[in-house]
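**Q** Take this sequence and fold it.
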Amino acid sequence: MNYETNSNDKNIKNDQLMFPFPMRPDSYTSYLGKLVRDKKIPKTRLHFLRHYHATWLYENDVLDHLAAERLGHDIKVLKGIYQHLGVKKKDEINRKIIELQQEESR
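**A** Model prediction:
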């Protein structure tokens, strides 16, 4: 079956999308479950993608108020529940702190 994407970006191909065709809202969880089984990836839930996306936005320096708006939460909820520092970001922040301290001690 060939479905059209409802994206405004005509450069995005159906095979680049997680859900490459329009579905009823209650079908996404079932579709993701089948995708996870078929691809033999670790069990996941659709809600995990919110956490991943919030963390990805944070690690890519998207402003908190924009990320909160995108996820439909206020900043307090975003920071307290959804944003998680990955190892890469923690290392980056720690290096920056050390550099700042070294600059001040000169």
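**Q** Look at Lys43 and say how many residues are nearby.
**A** Burial of Lys43, expressed as a neighbour count using other CB atoms under 10 Å, amounts to 8. Backbone N, C-alpha and C define where each C-beta goes, glycine included.
**Q** can you pull the contacts of it?
**A** Listed by CB atoms under 8 Å, 6 or more residues apart in numbering, the contact set of Lys43 reads Val36.
**Q** and it, what are its phi and psi?
**A** Main-chain dihedrals, Lys43, degrees, to the nearest 10: phi -60, psi 140.
**Q** same thing with Glu99?
**A** When quoted as degrees, to the nearest 10, the phi and psi of Glu99 stand at phi -60, psi -40.
**Q** Quickly note the distance from it to Val87.
**A** As defined by CB to CB, to the nearest Å, Glu99 lies at a distance of 19 Å from Val87.
**Q** Tell me where this protein has helices.
**A** Assigned by DSSP state H, the helices in the chain fall at 28-39, 48-59, 64-71, 75-77, 87-104.
**Q** who wins for proximity to Pro22 among these?
**A** Shortest separation from Pro22 across the helices of the chain is recorded for helix 28-39, at 10.9 Å, computed as CB to CB.
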